[in-house]
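In: predicted model follows, preceded by the sequence.
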Amino acid sequence: MVSSPTITLSNGHKMPQVGLGTWQSTPEEVISAVKAAVNAGYRLIDTASGYRNEEAIGQAIKELIQEGVVKREELFVTTKAWTHEIAPGKLETALQSSLKKLQLDYVDLYLAHMPTATNDDMSQQIHESVEDIWKQFDAVYKAGLAKAVGVSNWNNSQIERVLALGVTPVHNSQVELHLYFPQHDHVDFCKKHGVSVTSYSTLGSPGRVEFTLPNGIKPFGPAPSELQDSNVISIAEKHHKSPAQILLRYAVDRGIAIIPKSIHANRIKENFDIFDFTLTREEIEKLEESKTNRRLFAQDFMAGHPEDAFVDERK
């Protein structure tokens with residue numbers, strides 16, 4: 001069976017470079033998706049408390065282990081703390097809740113999903129500094145509840161501030177990153193400071209337009225499709241691969257971890273079938289000719305918070 005290359009985090013823990021994303025996967029869908037992924041060779045599963053599917057993922061993992069398909073130590077499980085869970089004094093309880101749902105003694109990577117704390121229903125922002133948030137992550141890491149800790153949707157300055165604390169460093173930064181939002185500055189910053197990077201929405205998140213909030217609003221509008229980019233298509237034809245495989249390989253060849261989401265077994269296998277070719281520097285430059293630099297997820301609920309990571313982009 002083909003296995004994913006790994007990225008060694010700054011603490012020595014090895015993270016598979018290709019994993020399964022599970023945002024928008026219902027509990028019913030995610031059980032079969034996780035099983036299909038692990039059977040296809042995936043060893044990284046990415047979830048979050050906010051995805052409301054941790055229990056189903058835990059059930060799938062338990063069954064895979066019981067069936068002898070995989071051992072716990074062979075898996076790399078990432079979950080994330082939502083805005084109310086990073087509020088003062090809330091993190092360890094939140095992680096314990098996630099561990100119970102996942103039926104695990106530890107997670108391999110625990111991320112602060114956002115840098116902005118709120119109350120439970122997000123109706124009120126809590127003005128907690130990223131330094132204070134990170135002290136909670138330092139504590140759960142030192143308690144052995146997570147093999148590594150990191151951040152998601154944080155900017156360079158925020159990461160730099162918590163690195164300056166001199167406690168447990170940031171091991172991973174998960175950010176929106178794709179061909180039309182390549183995040184070169186962030187990737188360079190993280191490499192300089194020994195922080196690994198995970199890309200979400202590596203395919204341009206075509207499914208985001210179907211996402212509906214509980215109030216019925218669809219917050220994400222259409223955007224140019226990277227899967228239909230002429231350079232992506234021509235390079236895909238050259239390598240006898242799909243446009244999606246080219247976009248995934250684009251991130252992998254930059255040394256970035258990827259977590260493409262799918263609930264379809266054939267697509268899950270296709271997203272993992274990217275290890276028999278590489279992109280040349282010339283091909284990467286060709287892909288980036290569009291010079292498009294457009295964020296798809298503005299995380300507008302952060303606006304007005306002192307720790308709004310994208311405040312400079314809202315001006």
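Out: Here it is on my side, so go on.

In: so how far is stretch 21-41 off the chain centroid?
Out: Relative to the centre of its chain, stretch 21-41 is centred 15 Å away, using CA atoms, centre = their mean, to the nearest Å.

In: secondary structure class for Asn231?
Out: Here Asn231 is helix, with the state taken from DSSP: H, G, I helix; E, B strand; the rest coil.

In: mind listing what it touches?
Out: Lys286, Leu287, Glu289, Ser290 (CB atoms under 8 Å, 6 or more residues apart in numbering). Where C-beta positions appear, they are placed from N, C-alpha and C, glycine not excepted.

In: closest to Ile7 among the residues you listed?
Out: Ranked by distance to Ile7 (CB to CB), the contacts of Asn231 are led by Leu287 at 21.6 Å.

In: residues in contact with Tyr106?
Out: By CB under 8 Å, 6+ apart, the contact list for Tyr106 reads Leu99, Gly144, Leu145, Ala146, Lys147.

In: most neighbours among the residues you listed, which one?
Out: The most crowded member of these, judged by other CB atoms under 10 Å, is Ala146 (26 neighbours).

In: can you give me phi and psi for the closest residue to that one other than its chain neighbours?
Out: Closest residue in space to Ala146, ignoring its immediate chain neighbours: Tyr110 at 3.9 Å, by CB to CB, 6 or more residues apart in numbering. Tyr110 has phi and psi values of phi -120, psi 120 when expressed as degrees, to the nearest 10.

In: look up how far Ile263 lies from Tyr110.
Out: As for Tyr110, its distance to Ile263 is 24 Å (criterion: CB to CB, to the nearest Å).

In: one more: Ser10?
Out: Ser10 is 33 Å from Ile263, where distance means CB to CB.

In: give me the pLDDT for the nearest residue to Pro88 once chain neighbours are set aside.
Out: Using CB to CB, 6+ apart and skipping the chain neighbours, the partner closest in space to Pro88 is Glu128 (5.9 Å). Looking at Glu128, its pLDDT is 98.

In: if I pick Glu128, what's in contact with it?
Out: Residues near Glu128 by CB under 8 Å, 6+ apart: Ile86, Ala87, Pro88, Ala117, Glu307.

In: in terms of helices and strands, where is it?
Out: Using DSSP states H and E, Glu128 falls within no helix or strand.

In: that older thread, and of the contacts of Glu128, the nearest to Lys191?
Out: Taking the contacts of Glu128 together and measuring to Lys191 by CB to CB, the closest member is Glu307, at 23.8 Å.

In: now the closest residue to the closest one other than its chain neighbours: how far from Val187?
Out: The shortest distance from Glu307 to any non-neighbouring residue, by CB to CB, 6+ apart, is to Pro115 (4.6 Å). Using CB to CB, Pro115 is found at 18 Å from Val187.
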